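> can you look at this prediction? I've put the sequence above it.
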Amino acid sequence: MSSPTTDTRRTALKILAATAASWWYGARAAEPLRIGFQKGSLNLALLKSLGLLEKRLASSTVSWVEFPAGPQLLEALAVGSVDFGATGDSPPVFAQAAGKELFYVGAEPSKPDGSAVLVKPEAPLKALTDLKGRRIALQKGSSAHFLLVQALRQARLQWTDIQPVYLPPADARAAFERGAVDAWVIWDPYYAAAEVDGQVRVLATSRGLTGNNTFYLASRRLAHDAATLRVLFGALTDTDAWVQAHRKETAQRFAEFSGLGLATVHRFLERRQPSPVAPLTPALVAEQQKVADAFAQLGLIPKPIRVADIVRHPEQALAQNESKR
């Protein structure tokens, strides 16, 4: 049986430990957190709209920066303009191959119906094999890039059989609508917007061609901050649960945020399954390695890369923090 003195000492130590932890948490939380997002980043967009992260990191300054696509977001991440953001499968591959410093820290479940190869309704293109010799608009280094690689592979065409026209989404749509390109490879919600307008025909979707995965990337500092990552993942996952339970309000909020019509947003949401955020699994790392290998084999990135080299898990960050004490 412990003595009263021992019990008092244990209580004092617990209080001291709790106080130290709160000091450490406060010091870390006080650092600014700059988040990059895109129109298709529903969890991040709704997290911003709901203000949930600001409540959970009350002593930190959270700022939000919108980007037209993943490559631009990761360029900002690499130069230190943002600390955290979400992209599709290809942007981190191109960034890593270019020597940019960034780390995979999380992922959402795949969205196999969320991207497509689009043509005009009256276009003579009826199958993927008809893409041979055609001008195709896409964002370089985006998830659309890998979808096109896989579409050509399925059609047994070479990359040199087509003429890629590298444009960000808004410019790509304009080129497509005026007939300057024959096809457009794009992701939601731009895909949904084009569909609702009725001026496109779907030649193929990403289903069966790519996993159309969403990854969360972080700066070196944030990738080693397990406590903040846990708060981020928890807030994103809770936001996703809110989305599932409040579909009508989600559509309204996202329409107001994005400037898209409600019909477009509903089409986008129809294709989106529950998307809680979690660390990368070995299977997902292996799948992403196949994306990297495909680009390397085609010479579309300057060198082969090993995806696992820049994957971080919150538990790894926690272990590293403990080892430094």
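Noted; the coordinates are in hand. Residues are numbered from 1 along each chain as shown.

> can you give me the helices in the stretch 151-300 of the chain?
According to DSSP state H, counting those that start in this stretch, the stretch 151-300 of the chain carries its helices in the segments 169-177, 190-197, 220-223, 226-245, 247-258, 262-270, 282-297.

> just the pLDDT for the residue nearest to Q96 when sequence neighbours are not counted.
In space, and not counting its chain neighbours, Q96 is closest to I305: 5.0 Å by Cβ to Cβ, 6 or more residues apart in numbering. Yep, even glycine has a C-beta here, placed from its N, CA and C like the rest. pLDDT recorded at I305 is 98.

> before we move on, back to that, looking at the helices of the stretch 151-300 of the chain, which is nearest to L46?
Nearest to L46, of all these, is helix 226-245, at 5.1 Å by Cβ to Cβ.

> may I see the buried residues of that closest one?
By neighbour count with 16 or more other Cβ atoms under 10 Å, helix 226-245 contains the buried residues 226-229, 231-233, 235-240, 242-243.

> swap in stretch 147-156?
For stretch 147-156, by 16+ other Cβ under 10 Å, it's L147, L148, V149, Q150, A151, L152, A155.

> in a markdown table: these, plus distance to T281.
Formatted as a markdown table, these follow (distance: Cβ to Cβ, whole Å):
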| residue | distance to T281 |
| --- | --- |
| L147 | 22 |
| L148 | 26 |
| V149 | 23 |
| Q150 | 21 |
| A151 | 26 |
| L152 | 28 |
| A155 | 31 |
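
> of the residues you listed, closest to Y190?
Among the buried residues of stretch 147-156, and counting by Cβ to Cβ, the member closest to Y190 is L147, at 13.1 Å.

> shouldn't the closest one be in contact with D113?
No - using Cβ atoms under 8 Å, L147 is not in contact with D113; the gap is 11.8 Å.

> what's around S115, how many residues?
For S115, the count of nearby residues is 29 (other Cβ atoms under 10 Å).

> contacting residues for A107?
The contact partners of A107, by Cβ atoms under 8 Å, 6 or more residues apart in numbering, come to N213, T214, F215, Y216, V277, A278, P279, L280, L284.

> ok, so of these, who is nearest A174?
Top of the list for closeness to A174, among the contacts of A107 and by Cβ to Cβ, is T214 at 26.0 Å.

> name the nearest residue to the closest one, ignoring sequence neighbours.
Distances taken as Cβ to Cβ, 6+ apart put E108 closest to T214, at 4.2 Å, once the chain neighbours are dropped.

> I'd like the buried residues of stretch 147-156 as JSON lines, with pLDDT and distance to V181 appended.
JSON lines is the format used below for those (pLDDT from 0 to 100; distance: Cβ to Cβ, whole Å):
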{"residue": "L147", "pLDDT": "98", "distance to V181": "16"}
{"residue": "L148", "pLDDT": "98", "distance to V181": "12"}
{"residue": "V149", "pLDDT": "98", "distance to V181": "17"}
{"residue": "Q150", "pLDDT": "98", "distance to V181": "19"}
{"residue": "A151", "pLDDT": "98", "distance to V181": "15"}
{"residue": "L152", "pLDDT": "98", "distance to V181": "16"}
{"residue": "A155", "pLDDT": "98", "distance to V181": "18"}
